[in-house]
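Q: Here is the input, now give the coordinates:
(one chain, ligands or ions: 1)
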Amino acid sequence: MAIHLGANQYGKAESRVVRIYRDTPRHQIRDLNVSSALRGRFEDAHTSGDQRDVLPTDTQKNTAFAFAKEKGVGAIEDFALTLGAHFLEVAPAADGARIAIEEYPWERISVDGEPHDHSFVRAGSGVRTTIVNVEGRGDERTTYVVSGVQDLTLLKSTGSEFHGFLKDKYTTLPETDDRILATSLVARWRYDHTDVDWDKSYDQIKALLLEQFARIHSLALQQTLYGMGEAVLQQHPEVAEIKFSAPNKHHFLVDLSPFGVENPNEVFIAADRPYGLIEATVVRDDASEAGSAWHAVPGFC
Ligand SMILES: O=c1[nH]c(=O)c2[nH]c(=O)[nH]c2[nH]1
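A: The predicted structure follows:
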């Protein structure tokens, strides 16, 4: 019976790296969740147990913390690119490195109307993400950057319809021209190159996604997502494609008629499951090759 090792990668998942900049009384915080994984010629580690090529996951974790001090934490994309390139240098058997980072946002607490120097409250407007894949060395190095936002909880209380859909004998959903549209959005966009002002691009794309969600009169979550993606591609030439995964967080109108009370779209029950799950990619016709950009990214079609 012939058996061989298939796809594999290994690394340290979810190192929680918190970097405080405290050179002045006004501290800065970067709060990260860093995952690294190496892939390549690691057959021996699996088939015979020989670990000579394996850079331990513990070392990968230590490197993330050491680099937070030695190299500093700026944009998460830069931090990921630095880690990815480093791991390929120190682990010759690795052909590729995948660095995924989430960044949790903090805002300064306001005291007497002034932002406090060293007290923060977690901000609720989504978690910034990046997934960097680095392959090859020296002139042969190829780099893919997919950045995004997740846990972006959005709701519009009108301006959303859903009707004209296919019906069969099991269809009970009433058509509506006025419903709540709500989601917890995950968006990931692939950059065309790495010559990008990462912080500016992220801030602008997130703001644009929010603005489009508000602006678009929705005929379906599908149409809203496409409109959001189209706007990002039109205004951001640095983005090759954008993918969305959006749970349709259903809000059902409560029947108050047993109590003789009318309910003109005012009282809803927020159901947590089941939920519609709408996923879509919006891509330029002439987009660059995705290569390994989407390697091991779950939850996207
Ligand atoms: O925006 C929606 N898209 C659907 O595909 C769908 N299906 C459904 O039952 N409700 C909705 N809403």
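
Q: going forward, measure contacts between C-alpha atoms and count neighbours the same way
A: OK.

Q: How about the residues of the stretch 201-301 of the chain by the ligand?
A: 220, 221, 222 (CA under 6 Å from any ligand atom).

Q: Give the burial count for the last one, as a bare number.
A: By that I understand residue 222. Other residues within reach of residue 222, judged by other CA atoms under 10 Å, total 15.

Q: Phi and psi next, for it.
A: phi -60, psi -50 (degrees, to the nearest 10).

Q: what is the mean pLDDT for the helix or strand hosting residue 145?
A: Taking DSSP states H and E as the criterion, residue 145 maps to strand 142-156. Mean per-residue pLDDT for strand 142-156: 98.

Q: In contact with residue 198, which residues are there?
A: Residue 198 sits next to 75, 77 when contact means CA atoms under 8 Å, 6 or more residues apart in numbering.

Q: Output the residues of the stretch 201-301 of the chain next to the ligand in JSON lines, with pLDDT and distance to residue 278 appended to each entry.
A: Output for these, formatted as JSON lines (pLDDT from 0 to 100; distance: CA to CA, whole Å):
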{"residue": "220", "pLDDT": "98", "distance to residue 278": "10"}
{"residue": "221", "pLDDT": "98", "distance to residue 278": "7"}
{"residue": "222", "pLDDT": "98", "distance to residue 278": "7"}
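
Q: sorry, back to before: can you list the strands that the strand holding residue 145 pairs with?
A: Each strand paired with strand 142-156, and its direction, by DSSP bridges: strand 127-135 (antiparallel), strand 181-191 (antiparallel).

Q: Identify all contacting residues around stretch 172-185.
A: Contacts for stretch 172-185 (CA under 8 Å, 6+ apart): 149-164, 221, 244-251, 265.

Q: and that stretch, how far from the chain's centre?
A: Centroid displacement of stretch 172-185 relative to its chain, using CA atoms, centre = their mean, to the nearest Å, is 24 Å.

Q: Could you pull out the buried residues of it?
A: For stretch 172-185, the neighbour count (16 or more other CA atoms under 10 Å) marks 179, 180, 181, 182, 183, 184, 185 as buried.
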